[in-house]
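Asker: give the three-dimensional model of this entry:
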Amino acid sequence: MKARFCLGLVALGAASGCMLLPRGFVDQEQRSREAAAVYLEPLAQRPIPPIEQEPSLDGLVEYAWRNNGEIRAALLEWIAAVERVREQAGYPNTNLHLALEAMWRGGDASWNDVTIGLGNDPMTNLALPIKVAAAARLALEEARAAEAKFWAKRLALREQVASRFADWVATTRRLALARERAEWLARGEQSLAASLEAGQTSQDAWIRARAELLLARNDVADLVAQEAVLRSELNALLGRSPGAPLGAAAAPPPLVAPNRSWEALYQELMAGNAELAGLRAEVAARQRALELARLQFLPDVNPMLAFTGEPSRTIGAALVLPLTWRRLQAQVANLDALLRASRAMLEQEQTTKTSELATALVLVENLDRQRRLWEEQLLPDFRLVCATLRQAYEANTVPLAEWARAEAARTEVEARLEEIIALREQQVARADRLLGRFGPGGAPARAEVAHGN
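Answerer: Residues are numbered from 1 along each chain as shown. All right, here's what the predicted structure looks like:
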């Protein structure tokens, strides 16, 4: 009997290692481990590539992905959600309860007066395996939602870095143009001042030139402050101190705008948008939660095994009937309402993301049109005027002030072109985020978030 008792303990111990893991868990765990190998290794083992002397967008994005605290936090939340699947899938879901009882009448107690009982923890019912499996499926959908949140964070960070980088590049170039404009206006103001002393121009013209020069110098000061702010914001996204140095930005190639048909882009949006993937996982999780709540109407069975001395053995089971069925009904109704709410949110978000993508594409197309206008028509005309006035000035047929005003106007056109380019890059980065594109130039990413049954 003692041997059988020991074998029973061994069998119970072996059963405690059972896992009712749902289908799709292995793939989910593998993806989380691959991401952790890149983003959670100590810095000594995963050295971050240094920022180039002339930083590029791709280099800054990769640096941000590896160094940004929000990315690591989202990844850790995903890993924790994966571990919760194991926690929920463990079976049995209760501890072993070992009871020892001795009874005697008068003299010494004998082995036949000792009762040894085995069962589950009386404070926790032994759940039916289908309930444990349902809880594990719910935890898996929550892990998928955490995964989608991680990829959404990465995409959002890429858009933020691309937007700040485009703005910073444009601002540094506009600052150089503003300084050039101020220099030309200063030359024109000096020329008018000399003409005023010679009585060849009016004081009015000199005052206007002086005011224009002061405003130009004020624009230079404003752009210096803007450049410092943008550099600080960009460093924050990279996980660096605000004053960390950044070299002069390299001339980045323009981001590749989505150029497929609207039907193809819509399908890519529905399949690749990480925020929509997260909402779909939330819908699936609430569906699993509803299924689990309905299973609570089934009774739990608590087995029991007892030995008393040599001859007596007892085996039995306690049936735990749910008497709080009205409470369970309310819980089911509550979860059903939450499920319908999640579905409504998903439908609305699909509409919103579709509208955002359409808006971004329209803006990109319009900004490309503006860029062609300024690059191919307006800027060449202004440069031609400047070249003509330079020749005229060198031939002493026009004053320096007139040539200087033309050069100042040309720098304003070039500054406007830089603004258009920056706005265009920001809208392309926005479209890439919506479509779930991670790679350089907006190359489509692989399907990072997979949903199964």
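
Asker: all the helices of the stretch 351-453 of the chain, residue numbers only.
Answerer: Per DSSP state H, counting those that start in this stretch, the stretch 351-453 of the chain carries helices over the ranges 379-394, 400-435.

Asker: looking at the ones you listed, which is nearest to Val26?
Answerer: Val26 lies closest, by CB to CB, to one member of the helices of the stretch 351-453 of the chain: helix 400-435, at 28.3 Å. (C-beta placed from N, C-alpha, C; glycine too.)

Asker: avg pLDDT for that closest one?
Answerer: What helix 400-435 shows for mean pLDDT is 93.

Asker: which positions in it come out as buried?
Answerer: Residues of helix 400-435 classed as buried: 400-401, 403-408, 410-435 (neighbour count, 16 or more other CB atoms under 10 Å).

Asker: same thing with stretch 24-40?
Answerer: So for stretch 24-40, counting by 16+ other CB under 10 Å, buried means 24-25, 28-29, 31-32, 35-36, 39.

Asker: got it, and stretch 159-171?
Answerer: For stretch 159-171, a neighbour-count test (16+ other CB under 10 Å) marks 159-171 as buried.

Asker: would you put the C-alpha positions of that stretch in CSV?
Answerer: Written as CSV, here are the backbone C-alpha positions of stretch 159-171 (Å, rounded to 0.1, in the frame of the first residue of the first chain):
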residue,chain,number,x,y,z
GLU,A,159,7.4,57.9,-38.3
GLN,A,160,8.4,60.3,-35.5
VAL,A,161,12.1,60.0,-36.3
ALA,A,162,11.4,60.4,-40.0
SER,A,163,9.2,63.5,-39.4
ARG,A,164,11.7,65.2,-37.1
PHE,A,165,14.6,64.3,-39.3
ALA,A,166,12.9,65.8,-42.4
ASP,A,167,12.0,68.9,-40.5
TRP,A,168,15.5,69.2,-39.0
VAL,A,169,17.2,68.8,-42.4
ALA,A,170,14.9,71.4,-43.9
THR,A,171,15.5,73.7,-41.0
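
Asker: next secondary structure after the helix or strand containing Gly119?
Answerer: Element membership for Gly119 (DSSP states H and E) is strand 114-120. With elements assigned by DSSP H and E, the helix or strand that comes after strand 114-120 is helix 129-197.

Asker: from Gln329, how far off is Leu435?
Answerer: From Leu435 over to Gln329 the distance is 43 Å, taken as CB to CB, to the nearest Å.

Asker: quick one: contacts for Leu400?
Answerer: 187-188, 191, 393 (CB atoms under 8 Å, 6 or more residues apart in numbering).

Asker: before we move on, what about Glu418?
Answerer: 170, 173-174, 177.

Asker: how about 10 Å then?
Answerer: Glu418 is in contact with 166, 169-177, 374, counting by CB atoms under 10 Å, 6 or more residues apart in numbering.

Asker: need these in JSON lines (columns: distance to Glu356).
Answerer: Below are the contacts of Glu418 laid out as JSON lines (distance: CB to CB, whole Å):
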{"residue": "Ala166", "distance to Glu356": "18"}
{"residue": "Val169", "distance to Glu356": "24"}
{"residue": "Ala170", "distance to Glu356": "23"}
{"residue": "Thr171", "distance to Glu356": "26"}
{"residue": "Thr172", "distance to Glu356": "29"}
{"residue": "Arg173", "distance to Glu356": "28"}
{"residue": "Arg174", "distance to Glu356": "28"}
{"residue": "Leu175", "distance to Glu356": "32"}
{"residue": "Ala176", "distance to Glu356": "34"}
{"residue": "Leu177", "distance to Glu356": "32"}
{"residue": "Trp374", "distance to Glu356": "26"}
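
Asker: ok, of those, which one's closest to Glu282?
Answerer: Ala166 (32.7 Å).

Asker: and the closest one, what does it touch?
Answerer: So Ala166 contacts 57, 230, 249, 252, 254-255, 418, 421-429 (CB under 10 Å, 6+ apart).

Asker: that one and Ala244, how far apart?
Answerer: In terms of CB to CB, Ala166 sits 19 Å off from Ala244.

Asker: re earlier: quick check: the two most widely separated of the buried residues of stretch 159-171?
Answerer: Top of the distance list for the buried residues of stretch 159-171 (CB to CB): Glu159 and Thr171, 18.2 Å.

Asker: so which helix or strand takes in Ala317?
Answerer: Here Ala317 is assigned to strand 312-320, by DSSP H and E.

Asker: what angle do that strand and strand 114-120 make?
Answerer: 30 degrees (axes from the mean of the first three to the mean of the last three CA atoms, to 10 degrees).

Asker: now strand 312-320: average pLDDT?
Answerer: 72.

Asker: just for this structure, where's the confidence low?
Answerer: 1-18, 42-47, 100-114, 120-121, 249-253, 307-312, 439-453 (pLDDT under 70).

Asker: circling back: so what strands line up beside the strand holding Ala317?
Answerer: Sheet pairing of strand 312-320 (DSSP bridges) gives strand 300-308 (antiparallel).

Asker: next one: the partner strand to chain centre, how far?
Answerer: 51 Å (CA atoms, centre = their mean, to the nearest Å).
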